[in-house]
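Colleague: quick one, fold the following:
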Amino acid sequence: MAGERGKRIYRKATNDENQRHSRVREQIANELPEIKRRARDRLSSVVGCGTPLRQVLSALRSERERLGLSLNDIFERTGIDRAALSRLENNENANPTLGTLERYAEALDKQILVVLSDVKPKAR
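Modeller: All right, here's what the predicted structure looks like:
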């Protein structure tokens, strides 16, 4: 029947399962600081150099191709004309709006993130 959910069955974990879960929690606790440090470093490098628009468009195209989607599929999901999509992907001087990039990304179940940072002083 539509909308009907199955009944959840709860059971007590065995001693072996509790020990395994404890080891996993301990491992995660030990690795978490390193994971967070790597994430901060990665974000810092992205903020520091930014991501050129050409790279964003290339990533969108790569993801579309990886998913096996055609320009027509993206057109159907976004309403963006196929010729316009082709120009975005192939034109080195493409200058899409943020809204266009968001629509394209959403059609691929992705999200565009924009980071605003201070400009680094130029070296003299």
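
Colleague: which residues does Leu108 contact?
Modeller: Leu108 makes contact with 60, 63-64, 67, 69, 74, according to Cβ atoms under 8 Å, 6 or more residues apart in numbering. C-beta: built from backbone N, CA, C; applies to glycine.

Colleague: I'd like the residues you listed as a markdown table, with distance to Asn93 appended.
Modeller: Shown next, in a markdown table, are the contacts of Leu108 (distance: Cβ to Cβ, whole Å):
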| residue | distance to Asn93 |
| --- | --- |
| Leu60 | 17 |
| Glu63 | 22 |
| Arg64 | 20 |
| Leu67 | 26 |
| Leu69 | 24 |
| Ile74 | 21 |
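
Colleague: in helices, which of those fall?
Modeller: If you go by DSSP state H, these have 60, 63-64, 74 in helices.

Colleague: kindly indicate which of those residues lies nearest Tyr10.
Modeller: Glu63 (39.3 Å; Cβ to Cβ).

Colleague: and the longest helix that the chain contains, how far from the chain's centre?
Modeller: Ranked by residue count, the top helix of the chain under DSSP H comes out as helix 15-49. Remark: helix 15-49 is offset 19 Å from the chain centroid, using Cα atoms, centre = their mean, to the nearest Å.
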